[in-house]
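S.K.: got a sequence here, can you build the structure:
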Amino acid sequence: MSWIAQCGAIVIVFSNVAIAQPESYSHPELRWCTIETEHFAIHYHEGAERSAKVAAKIAEEIYTPITSLYNHDPGKVSIIIKDTDDYSNGGAYFFENKIEIWAPALEFNLRGQHNWLRNVITHEYTHIVTLTAAQKFGAQIPALYLQAFGYEQVRRPDILYGFPNILVSYPIAGINVPFWLAEGVAQYQRPELRYENWDTHRDMILRSLALEKKLFDLDELSNFVSKRSIDFEFTYNSGFALTRFLAERYGEEKLETLCKNFASLTALNVHAVLETTFGKPSTELYREWRTYVERDYQARIASVLQDKVEGKLIETQGYANLYPIFSPDGAKLYYISNLNADFGGHAIIERSLQHEPGKLSHVPTVRELFQLSQSRKNEMICRMCGMQLASNNGDVLQSGVASRLTLTADGKYLFYSRYTGTNFQVQKYNDLFAYDLSKKEEIRLTYQARLETPACAPDGKTFVAVHQKDGTQNLVEGNFDLTAQGDSAKLSLRALTQFKHGEQVQLPIYSPDGKKIIFALGIKNTRKLMSLNLETQKLEQLTDSTLESEGLDERDPALSPDGKYLYFASNRTGIFNIYRKNLETEETQQLTNVIGGAFMPQVNAQGDLVYSLFTADGYKIALIKNAAAIANPNAKYVREQSPVKTVHAINDSSELASQSNFASLEPIASVQTDTSERAKQKQLAAALATYDDTQTPHFEVREYTTTFGNFAILPLLRFDAYARTQGSFLRDMWRAAKFGVAFNSAELLGRLNFFGSIAIAPGSSVAGGSTGLAGLLELERDAFLSFEYTDQSIIPASFLPRLSLDIYHQTRNVQDGAQIKIGIDSATANVFYTLTQFDLSLRFRLPIEHWIFRASQFRLTFSFSPYSSKVGSFFWQPLGQTLPASSDTYFIGRTLTFAWAMDLRAHTVNAEINPIGFYSRLHLDYENSSLQDSLVFSEGAGRLIPQYQNFSFLRLTADLNFHMPLPTFSPKFRHTLTVRSYSALNFTPRETNLFFNNFISGLLGMRGYEFFAIGGDKATFLHFEYRFPLAEHINWQVAQFYFDKIYLSAYFDIGTAWSQGGIPKLSEWRRDVGVELRLEAPSFYLFPTRLFASATYGLDQFTQPLRQGFFTADGSNFVTYGGQWMFHFGVLFEFDFTTDNARRRVAGLVR
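M.R.: Below you'll find the model as predicted:
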């Protein structure tokens, strides 16, 4: 397979972009059905019937309100409903008119209470409507591609052309809507619907950022790069707020204009489009919003600032410190923390309350990593990245846990749930676990039970937990028996509630006598505290009925050790604070008065309150000694009066009118009044806010039939400069130019996907070939066709098997590529090469719940590669006539490959440009190939018959990459040391052929030498690289580019290759040194754009003999390498280069 065929395949990588990350497996083990409505097709599997019927109802109801707002109908949209995992998300595939929805309701510490299906379907459909309206070339053309490939200078006559040293593949995107706007309008929806509203969590996040002067600027909001998990939520939130501001101040109809203005071919970034839409510079528009937001919050928070009650921060490391609980003696604290991870990284922390908090951690040195890994105290070296998962303030007990923690009645075990897989099961569900605090080990209690957030009863024998199915949650009770681990049937689960309409049940706890269960119940936009009497099955509301209103949210119940008080978080003032309710007197007291938000309270016997405090840096752990009612309960936050306040709204509020510094923004005078049609649509949307999804219309259900999404086309222009010079720049450009197209389509469930590309070089015609139509077929071409199939039942679904057939095909024409010499007579002829490769592959995982296998992917591939050449017609002087063209197959490759890739690199914001962790690729190939050795004339056939030499041997390839963090002068910089070990060994008793050599130089290895400089049956090299940032967070938008970060590295390589005998002496190994510059600058708010440029000097100068019968232009039978600078450059989606198929690419370059 050629390098160019590989590069041709990358043009589709980001064409199927989704707004939210979906699961990619088609689940052929499930039976799928379809509900068809006028504007939608709902596809779902058995077990998700309720969610599917409700989704069909919702989709048709919101169709008119959303499409009328933007005056755009995207056509029929497919909605896929999944309940295959305890996972909640939605994805909008706007080039395919497809939406994917997971049935479980989203429960996220940065989002408030909403009706899940109403919210997510409207959100994703708004994406479809607005983003298809913003497409520049239509749904069929996601992007255009420009590509340029340069090559090393050819110095070996036995090589067709050099290996690539320049690789550029750059998309001209068909859409470039900024991140904040795409998510802003999807959350704005139609305000009258109130499926997504400006709830207390939204207000908390924006308020915290505004008051601490940490709002992102416009370019930061617009781009996705260098954002941690919490930063994405900050962008969602600010985008929602900015969209509301624009709609309220400038008129809702401006949202339609804004989205459609991005469809202009000249709209390269948000700045120009905002100015076109609103008639003022984008900086001024953004400043209006930011000034308004900051002044607004300063005015409304003023009284809280005067009487703030937050306590003392005792854990500031990380942005997700959650669910703190005291040990029975009150001396320790247990809580969840993400430590300093950019994404995920949740773990259980145990810390003593007897010492002061430590300082913020630094990046551990290699020495510290080694010392910590030898320690038996924590044993928490992260297997996913090699970094220490440790808190400065305590010990890490167990990683991978994000749920609420409770203690068993005896205080010996922590009880929690974890989202996890099960051996030889395809689904990932929440299951129950216990952690033995004395043995420091985890015990799994259930398998595939779909249980979460358990709590133990006072008797220590039973537990209550939340069970989820088809988007509805219920309480269940079971036996708590550690001897029953691994067999959920022994738990004797019984249902305590019978909710069946999408209700959300959260964080249950037992009353002190074990006769009641207290929990939070979420319905629509309201969450209340409830009590369930286990004897009478009576539900009782604990939330004060006088406070009831839409948006009221009371959550996180906890009881004092004596059972006298119920502690909880409530947004009754517009800010979440901690309250306690005397269960005897019914008196409720406010204990905190915070600026951000207070959640997840716990209290010890001394009355000390610990809770999770939200700040602009995320959730921290705070402690209030001897918590008491706040001194001034009237020091309250002023609630938002209207979506965007004007002078009229301010004057109408006595609380706000007294604030002289309050932001006063009049609506723009030109805002149009609602037309009768617009008013009608608003009334329709408002009516839909009072929905009843307990009743659904009757829908016809049919078996799902294979359905493909849109057929995508991506035109491409490629300059492939491998041919010898044609005498002028313009001729060289025409010779290198290839015009082509890539295309793809995918079955909606992912059962069958296909992708292909073809590029043809019209300037590649040479004399001596065919004429007419046959001559056109002899133009150089690069073609690729791939099919991927997952809808099979032979291999268990738990292996996530994927069958694929990849076909690579290319032709090359070499003018005067053959020299015919018989005696003193000679002639030259053009040669036409045709290279084809078929790869039949099975990709799979091993469904074993162990960190090695969770990080591993396996592939079994059979490759068949027929390579042929045709010598064009030529005039032979002795006969005085033109001899016809002749062709033969000179190579027949047959390879069986087993590949194992293991990726233990950390998921960080710098994972691409500066990875941390371990990554390996191991290949075992069985090669049984035939290479043409000679031509023998057959009298019977009357022609020359090729004779082949067979090569049969094993090849082992190991590519090991260690990326280790180093100490730095500043904790924000991330310096790394990379050590790479690469070896490729042909196990053969005799020397093979250049076709089968393993090369370790060039772009993929030691860049100080040309690709064909260092190779043999056995080859190995070591790579040492020190990388550090030159500039981070550049935050500079230029046209469609967003310049984000630049890293520089210096490296040293040493390697050798040999074919017979032992490993060469160290003095014979080749060495090089070099530097590489990396730039991350994504384009069009959509595509990663990663540029690298390297300069490498070969320290050793040496000669390589040519094969018999080949000589250089000066008559030498050798080529000299080394002692010069080699340069490489690329603009691609990724920085990493694989060597998986390097050997096969080489075979296509050899004469």
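
S.K.: how close does the closest residue to V594 other than its chain neighbours sit to I595?
M.R.: In this structure, V594 finds its nearest non-sequential neighbour in E310, 5.2 Å apart by CB to CB, 6 or more residues apart in numbering. No exception for glycine: its C-beta is placed from N, CA and C like everyone else's. Counting by CB to CB, to the nearest Å, the separation of E310 from I595 is 8 Å.

S.K.: same question for H123.
M.R.: H123 is 29 Å from I595, by CB to CB.

S.K.: got it, and A1093?
M.R.: From A1093 over to I595 (counting by CB to CB), the distance is 47 Å.

S.K.: and these two? which has more neighbours close in?
M.R.: I595 (22 against 15; other CB atoms under 10 Å).

S.K.: now do the same contact list for that one.
M.R.: Applying CB atoms under 8 Å, 6 or more residues apart in numbering, we find I595 in contact with 207-208, 211, 301, 304-305, 308, 310, 575.

S.K.: make a ChimeraX selection of whichever of those residues turn out to be buried.
M.R.: Here is the ChimeraX selection string for the buried members of the contacts of I595, based on 16 or more other CB atoms under 10 Å:
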select :207,208,211,301,304,310,575
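
S.K.: pull the most distant pair out of the contacts of I595.
M.R.: The distance between the two most remote of the contacts of I595 (CB to CB) is 14.5 Å, for R207 and E310.

S.K.: okay, now the unreliable bits of the stretch 701-850 of the chain?
M.R.: Judged by pLDDT under 70, the stretch 701-850 of the chain has its weakly predicted residues at 767-772.

S.K.: would you map the strands across it?
M.R.: Under the criterion DSSP state E, counting those that start in this stretch, the stretch 701-850 of the chain contains strands at 701-703, 712-720, 737-746, 752-761, 780-789, 802-822, 825-844.

S.K.: buried set for the fifth one?
M.R.: Counting neighbours by 16+ other CB under 10 Å, one finds that the buried residues in strand 780-789 are 780-786, 788-789.

S.K.: pretty sure L146 sits in a strand.
M.R.: Yes - membership of L146 in a strand is supported by DSSP: H, G, I helix; E, B strand; the rest coil.

S.K.: next one, pLDDT for the spatially closest residue to it that is not a sequence neighbour please.
M.R.: Excluding the flanking residues, the one nearest L146 by CB to CB, 6+ apart is Y170, at 5.1 Å. pLDDT for Y170: 96.

S.K.: paired strands for the helix or strand hosting Y170, with orientation please.
M.R.: Counting by DSSP states H and E, the element that carries Y170 is strand 164-173. With DSSP bridges as the test, strand 164-173 is paired with strand 143-151 (antiparallel), strand 1125-1132 (parallel).

S.K.: and the next element down the chain from it?
M.R.: For strand 164-173, the following helix or strand on the C-terminal side (DSSP H and E) is helix 179-188.

S.K.: list the buried residues in that following helix.
M.R.: Going by neighbour count (16+ other CB under 10 Å), the buried part of helix 179-188 is 179-188.

S.K.: tell me which of those residues is nearest to Y611?
M.R.: The shortest approach to Y611 among those belongs to Q187, at 27.9 Å (CB to CB).

S.K.: please name the residues that touch the spatially closest residue to S352 that is not a sequence neighbour.
M.R.: With CB to CB, 6+ apart as the criterion, S352 has its nearest non-adjacent residue at 5.7 Å, and that residue is K332. Contact analysis of K332 by CB under 8 Å, 6+ apart lists 326, 350-353.

S.K.: before we move on, back to that, go through the strands paired with strand 164-173 and name the closest to Y619.
M.R.: strand 1125-1132 (37.5 Å).

S.K.: which of the residues in that closest one are classified as buried?
M.R.: Buried residues in strand 1125-1132, counted by 16+ other CB under 10 Å: 1126, 1128-1132.

S.K.: what's the closest of the residues you listed to T546?
M.R.: L1132 (62.0 Å).

S.K.: pLDDT score assigned to the closest one?
M.R.: Looking at L1132, the pLDDT reads 95.

S.K.: isn't it right up against F1087?
M.R.: No - with contacts counted by CB atoms under 8 Å, L1132 stays clear of F1087, the gap being 10.5 Å.

S.K.: the nearest residue to M530 once chain neighbours are set aside pairs with what?
M.R.: Once flanking residues are discounted, M530 sits nearest to L521: 4.7 Å by CB to CB, 6+ apart. Beta-bridge pairing for L521 (DSSP bridges): V505, K528.

S.K.: again, but for D903
M.R.: Judged by DSSP bridges, the bridge partners of D903 are Y919.

S.K.: any idea how far it lies from L211?
M.R.: Going from D903 to L211 by CB to CB gives 41 Å.

S.K.: next one: S856
M.R.: Distance from S856 to L211, by CB to CB: 46 Å.

S.K.: coming back round to it: strands - which of the contacts of K332 land there?
M.R.: Secondary structure from DSSP state E places 326, 350-352 of the contacts of K332 in strands.

S.K.: Y250 contacts L274, correct?
M.R.: No - if you go by CB under 8 Å, Y250 and L274 don't touch, sitting 10.7 Å apart.

S.K.: more neighbours: which of the two?
M.R.: Neighbour totals were compared for Y250 and L274, and L274 leads with 23 against 20 (other CB under 10 Å).

S.K.: did I read that right, the more buried one in a helix?
M.R.: Yes - counting by three-state DSSP, L274 falls inside a helix.

S.K.: for the nearest residue to it once chain neighbours are set aside, give me its contacts.
M.R.: Leaving aside its chain neighbours, L274 sits nearest to S282 (4.0 Å; criterion: CB to CB, 6+ apart). By CB under 8 Å, 6+ apart, the contact set of S282 is 218, 270-272, 274-275.
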